[in-house]
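**Q** Need coordinates for the below:
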Amino acid sequence: MPNELNAYKTKARQGVAPLLHAAFICIAKQGVEKLTMRQVAQQANCALGTMTYHFASKQELIECVFIEYVLPIIHICNQAHYQFDPATALREDIKASLPFATETEQIWRVRFALLHFSTHNPQFRALIQKTQHTAQSGLEKRYARLKSLNRLRTPFTNNSLAIQTLLIVEGAGLNMLQAPASQRALYGEQVLHWFDNLLA
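**A** Residues are numbered from 1 along each chain as shown. Prediction:
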């Protein structure tokens, strides 16, 4: 999704990070349907004209929030774990993508609000599908590397492992959000336990 990413990067250079953060907070609190440019402007403590100058539409604003905050956890981004072997690095990235921390929990709440929004917005649904395809491809490459190093003992294909990972992480994330705070970590730990069992 280079076009969407390049569009966001251009906006980031224009100094819109506070506006995106304000939109993120509004979506986390009330979802997408009630979101207005005026509310975001009030949250960001700026004029409505500033919002409309940087974002031509609510749709564009939502897409930029998705790319800034949600896309990294869907991609299970490869962080700079240079001190770790590839298996430990992937484990750490899976852990970082789950809502263990309060900040990540907010991102997951926004993620599910945007997923609901996508059910009746074909343009946004296409963006999410591209994101998921890219995330799957990235995981396939990481599993292929682990297999080449004889670090996996599973008979599953790289494609199957990537899909399983995305589905398991998404399901665990939803359960973690709904669970009492005292039990939340248990769901995340089960995902890590599943991953550990794949390793040779």
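
**Q** Just the pLDDT for the residue lying closest to Thr165 once chain neighbours are set aside.
**A** Of all residues not flanking Thr165 in the chain, Leu139 sits nearest, at 5.5 Å (Cβ to Cβ, 6 or more residues apart in numbering). To be clear about C-beta, it is placed using only N, CA and C from the backbone, and glycine gets the same treatment. pLDDT, Leu139: 96.

**Q** Assumed Val32 was part of a helix.
**A** No: assigned with DSSP: H, G, I helix; E, B strand; the rest coil, Val32 falls outside any helix and is coil.

**Q** Could you report the distance from it to Gln39?
**A** Separation of Val32 from Gln39 (Cβ to Cβ, to the nearest Å) stands at 12 Å.

**Q** do the same with Ala144
**A** To Gln39, Ala144 is 45 Å away according to Cβ to Cβ.

**Q** so where do the helices sit in the chain?
**A** Counting by DSSP state H, the chain has helices at residues 2-13, 17-30, 37-44, 48-54, 58-65, 71-75, 86-97, 102-118, 122-148, 158-178, 184-198.

**Q** can you redo those helices as TSV with mean neighbour count?
**A** Converted to TSV, the helices of the chain look like this (neighbours: other Cβ atoms under 10 Å):
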stretch	mean neighbour count
helix 2-13	12
helix 17-30	19
helix 37-44	18
helix 48-54	15
helix 58-65	20
helix 71-75	19
helix 86-97	19
helix 102-118	18
helix 122-148	16
helix 158-178	18
helix 184-198	15
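
**Q** Any idea which of the ones you listed has the lowest pLDDT on average?
**A** helix 2-13 has the lowest average pLDDT among those, namely a mean of 54.

**Q** Please list all residues in contact with Glu77.
**A** Actually, residue 77 is Cys rather than Glu. Each residue near Cys77 by Cβ atoms under 8 Å, 6 or more residues apart in numbering is listed here: 93, 97.

**Q** again, but for Thr165
**A** Residues near Thr165 by Cβ under 8 Å, 6+ apart: 76, 94, 139, 195.

**Q** neighbours of the first one, just the number please.
**A** When neighbours are counted by other Cβ atoms under 10 Å, Ile76 registers 22.

**Q** pretty sure it contacts Ala135?
**A** Yes: checked against Cβ atoms under 8 Å, the pair Ile76 and Ala135 is within contact range at 6.5 Å.

**Q** Please enumerate the shared neighbours of the two.
**A** Common contacts of Ile76 and Ala135, defined by Cβ under 8 Å, 6+ apart, comprise Leu166.

**Q** Please report how far the residue lying closest to Thr52 once chain neighbours are set aside lies from Arg111.
**A** Nearest residue to Thr52, sequence neighbours excluded (Cβ to Cβ, 6+ apart): Met37, at 6.4 Å. Met37 is 22 Å from Arg111, where distance means Cβ to Cβ.

**Q** and what of Pro72?
**A** Distance of Pro72 to Arg111, given as Cβ to Cβ: 11 Å.

**Q** just to revisit the earlier point, would you enumerate the residues in contact with the residue nearest to Thr165?
**A** 76, 158, 161-162, 165-166.
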